[in-house]
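Participant: Quick one: sequence and predicted model below, then my questions.
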Amino acid sequence: MTRIAIVVLALAAGASALVAAAGISPWWWLAAVPLTVAGLLGAWDLLQRRHSVLRNYPVLGHARFLLERIRPELQQYFIERNYDGRPFDRDVRTIVYERAKGTDAEQPYGTERDVYQPGYEFLVPSMAPCPVPETPPRVRVGGPDCSRPYDMALLNVSAMSFGSLSANAVLALNAGAKAGGFAQDTGEGGLSEYHLRPGGDLIWEIGTGYFGCRTPDGDFDPAEFADKAAHEHVKCVSLKLSQGAKPGIGGVLPGAKVNAEIARVRDVPEGRTVVSPPYHRVFDTPRELVRFIARMRDLAGGKPTGFKLCVGSRRQFLAVCKAMLEEGTAPDFIVVDGGEGGTGAAPLEFADHVGAPLTEGLLTVHNALVGTGLRDRVRIGASGKIATGTDLVKRMVQGADYGNAARAMMFAVGCIQAQRCHTNTCPTGVTTQDPRRARALDVRDKAPRVQRFQEATVASALQIMASMGVTDPAQLRPHMLRQRVDPFTERSYEELYEWLEPGQLLVEPPASWAADWKAADPDRFAV
């Protein structure tokens, strides 16, 4: 029987049922309505030219699109194992949820992970563990040019803008940061009232669009920047060079999403599409970048100032280090964003293949600063899939002083990893500007969850460090983290990677760094 005949029969059956329903019994409507709808749908499927599947399989072909639509949910809830989901597996999501709720985050019966799989990493415990510190240590951020240093918590809220997050999500994150004594990075979308209202510490991030401190033509506005940077809740200011999800490209905010509130926060016209270019107007060379960071610090009244990047060319970063040396000034902090991506939607090719993963990025920045004798004046933050105490300790072993978390903080306020952040249809109200969806996120309930998650994760990191025989992150060393390289061999990070000595690049660069160091030019970003 041909597909056309099937549709004709469905329509005929529907018509017959309608006649029967009208003249015999109302129960016939139960058959008449579905058959008629199926017949009409089948007729439309045969006539439309967009989907070949529907032309060949009218009505039935819609099942394919339905299954495709719910595939992520089927995968997450019925197929994936506890340890192999992406971007975050169920084990990690569960531990965040449990810590945010204040319940036990423990597992019986041993690990489900294959500890002999190449790539498996483990931290080295000591035969003489230390007591866990009663008070978590903090990291003093502020070099010799900074007159108002800030003591950073070991774990903070990473960069997420109002606009990408709902107002309620921003309020919950900042209220949690206020209660827990840690900082929230505003993201590049401007300094909104939702960042300021709860009173939590802020790292104000400025991107290529200079949102919140821009002139009408999109340039940097120093007067507006100085005015907002003076706010008591702004503890640090940061210049975003690139982000892990999409290094090297800008962003587009469609005009339909630029409502009056977002337009006011970002200093842009309401209802008009806003483009963030991939490059900055305020500098063209490494030297100009270093000078602009110093200028931002002056405009901010001496508050700690730094920049964020997803590492690419080691040669270019060395050029920035040479500029720091020649200019006699340096940023107070550098946040290294991993190429693993983040909350920002990005082209798949960029998310999968552009930018150094966080491990290589941290090692590059840490070693470059050590090798140029600058490490003691620049603090390093790590941003990229930090969700557990183990993640935090590993990143500090690799060279970071503190960590920032974005997606884990989203889990703490209710995110279920639906991966619809860019569609404005977030099912939990975290990443949407739809008032109906956003109201589902209750700030009074979720703010304490943010505090509890951060507090429990830092406590876990301290407990892990104590088991390793250290009480302060500064005592962590590369030999304390080991990686399996094949089923029979494991090596420490001290053996796997090269670690420069203080000032080594200035005296005698090792062969593996010599070419990049020689080619690094503080007056141009050489490829």
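Facilitator: Yep, it's here. Numbering: from 1, shown residues only.
Participant: contacts, neighbours, all on C-alpha from now
Facilitator: Fine.
Participant: pLDDT of the helix or strand harbouring Ile95, averaged?
Facilitator: Secondary structure assignment for Ile95, by DSSP states H and E: helix 90-101. Averaging pLDDT along helix 90-101 yields 87.
Participant: Going toward the C-terminus from that helix, what's the next helix or strand?
Facilitator: Taking DSSP H and E as the definition, the helix or strand that follows helix 90-101 towards the C-terminus is strand 121-123.
Participant: Remind me what that following strand packs against, helices and strands.
Facilitator: Contact here means 3 or more CA pairs under 8 Å, 6 or more residues apart in numbering; DSSP states H and E; on that basis strand 121-123 packs against strand 481-486.
Participant: circling back to that earlier point, tell me what the helix holding Ile95 is packed against?
Facilitator: If contacts are counted by 3+ CA pairs under 8 Å, 6+ apart, helix 90-101 sits against helix 407-412, helix 443-467.
Participant: shaky segments in the stretch 401-527 of the chain?
Facilitator: For the stretch 401-527 of the chain, applying pLDDT under 70 flags no range at all.
Participant: mind showing which ranges of this protein have poor pLDDT?
Facilitator: Along the chain, segments meeting pLDDT under 70 span 1-32, 75, 81-86, 105, 109, 254, 256, 341-346.
Participant: 50 instead?
Facilitator: Counting by pLDDT under 50, the chain contains no low-confidence range.
Participant: Buried ones in the helix holding Ile95, by neighbour count?
Facilitator: Buried residues in helix 90-101, counted by 16 or more other CA atoms under 10 Å: 90-93, 95-101.
Participant: Pipe the helices and strands packed on helix 90-101 into CSV and attach mean neighbour count per row.
Facilitator: Below are the helices and strands packed on helix 90-101 laid out as CSV (neighbours: other CA atoms under 10 Å):
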stretch, mean neighbour count
helix 407-412, 25
helix 443-467, 23
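Participant: For Ser238, find the nearest of those helices.
Facilitator: Among the helices and strands packed on helix 90-101, helix 407-412 comes nearest to Ser238, with 19.9 Å by CA to CA.
Participant: could you point out which element follows that closest one?
Facilitator: Past helix 407-412, the next helix or strand by DSSP H and E is helix 435-438.
Participant: Contacts for that next one next, please.
Facilitator: Contact with helix 435-438 is made by 166-168, 425-430, 432, as judged by CA atoms under 8 Å, 6 or more residues apart in numbering.
Participant: dump the residue contacts of Cys213.
Facilitator: Contacts of Cys213 by CA under 8 Å, 6+ apart are 220-222, 224-225, 266-267.
Participant: Please tell me how far it sits from Arg148.
Facilitator: Using CA to CA, to the nearest Å, Cys213 is found at 22 Å from Arg148.
Participant: ok, now Glu326?
Facilitator: In terms of CA to CA, Glu326 sits 24 Å off from Arg148.
Participant: Who is Ala382 paired with across the strands?
Facilitator: Val336, Gly403 (DSSP bridges).
Participant: wait, isn't it in contact with Val397?
Facilitator: No: taking contacts as CA atoms under 8 Å, Ala382 lies outside contact range of Val397: 11.2 Å.
Participant: Comparing these two, which residue is more hemmed in?
Facilitator: In terms of neighbours (other CA atoms under 10 Å), Ala382 is the more surrounded of Ala382 and Val397; the figures are 29 against 22.
Participant: give the contact list for the more buried one.
Facilitator: Going by CA under 8 Å, 6+ apart, Ala382 touches 335-338, 358, 362, 395, 400-404.
Participant: For those, give me TSV that also has distance to Gly143 and neighbour count.
Facilitator: Shown next, in TSV, are these (distance: CA to CA, whole Å; neighbours: other CA atoms under 10 Å):
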residue	distance to Gly143	neighbour count
Val335	15	27
Val336	18	33
Asp337	21	31
Gly338	24	26
Leu358	24	24
Leu362	20	28
Arg395	22	22
Ala400	16	27
Asp401	14	27
Tyr402	16	23
Gly403	19	27
Asn404	20	28
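Participant: between the residues you listed, which is closest to Glu508?
Facilitator: Among the contacts of Ala382, Leu362 lies closest to Glu508 (CA to CA), at 22.2 Å.
Participant: That closest one and Ala400, how far apart?
Facilitator: From Leu362 to Ala400 the distance is 7 Å (CA to CA).
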